[in-house]
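J.: Sharing a model prediction with you, sequence too.
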Amino acid sequence: MTKLVDRSLVKELAGIALADTDRDTIIKAMIESASFDVEELTRRKFSSGERTEYHSSYEQRQFDPTPQYIYVDAPPIDDTQTITIVFATQDRHTDQGITLDSTNADYTVSENKEAIIVRGASGSTNTIPILLGVAPTITYDPRGFKIT
């Protein structure tokens, strides 16, 4: 979790002298609590860095032109870095999966950099198995994307 405000700013706003350390433990706890609450309420992460996220998918049929939008937990997406998207037939993501490729236009990053758009099954030559309606192994786990 990221501290969303610095202790010195809290002290300044509260009119507490920076040299006064009597309340630092309480202020630190309040900052941590508030930062946690903000991340929970907004369903976002505010720290910058590489992360791995798992997102559910829905099955598409051949010739379905509707793309899937995957909204990441910590936008904006830094599309100057390598993005790896693996589709798995079950959420376990163990030794299974199809890696999507941006050079084949399997996915794109949205203009506002908050979502990844996985192309729809608009043609019969689509090579993304998820979009062809390939049946997964019988399981109670939903299909999903692993994004790094």
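T.: Yep, it's here.
J.: ok, and for the helix ranked longest in the chain, which residues are buried?
T.: The single longest helix within the chain, with elements called by DSSP state H, is helix 24-42. Buried residues in helix 24-42, counted by 16 or more other CB atoms under 10 Å: 27, 31, 35, 39. Backbone N, C-alpha and C define where each C-beta goes, glycine included.
J.: The third one and residue 10 touch, don't they?
T.: No: because the distance of 11.5 Å does not satisfy CB atoms under 8 Å, residue 35 is recorded as not touching residue 10.
J.: which residues in this protein form strands?
T.: Counting by DSSP state E, residue ranges of the strands within the chain are 53-56, 68-71, 85-88, 98-100, 107-109, 115-118, 144-147.
J.: Can you say which of the ones you listed is nearest to residue 6?
T.: With CB to CB as the criterion, residue 6 lies closest to strand 53-56 of those, at 27.5 Å.
J.: what's the nearest residue to the residue nearest to the spatial centre of the chain if we skip its chain neighbours?
T.: Nearest to the mean C-alpha position of the chain, by CA atoms, centre = their mean, lies residue 72 at 2.6 Å. Residue nearest to residue 72 in three dimensions, not counting chain neighbours: residue 53, with 6.2 Å by CB to CB, 6 or more residues apart in numbering.
J.: residues in contact with that neighbour?
T.: Neighbouring residues of residue 53 by CB atoms under 8 Å, 6 or more residues apart in numbering: 72-73, 146-147.
J.: Between which two of the residues you listed is the distance greatest?
T.: 73 and 146 (13.2 Å).
J.: Which of these two has more residues huddled nearby?
T.: residue 146 (17 against 14; other CB atoms under 10 Å).
J.: Could you give the average pLDDT over stretch 49-64?
T.: Rounded to a whole number, the mean pLDDT of stretch 49-64 is 77.
J.: chain center to it, what's the gap?
T.: How far stretch 49-64 lies from its chain's middle: 11 Å, per CA atoms, centre = their mean, to the nearest Å.
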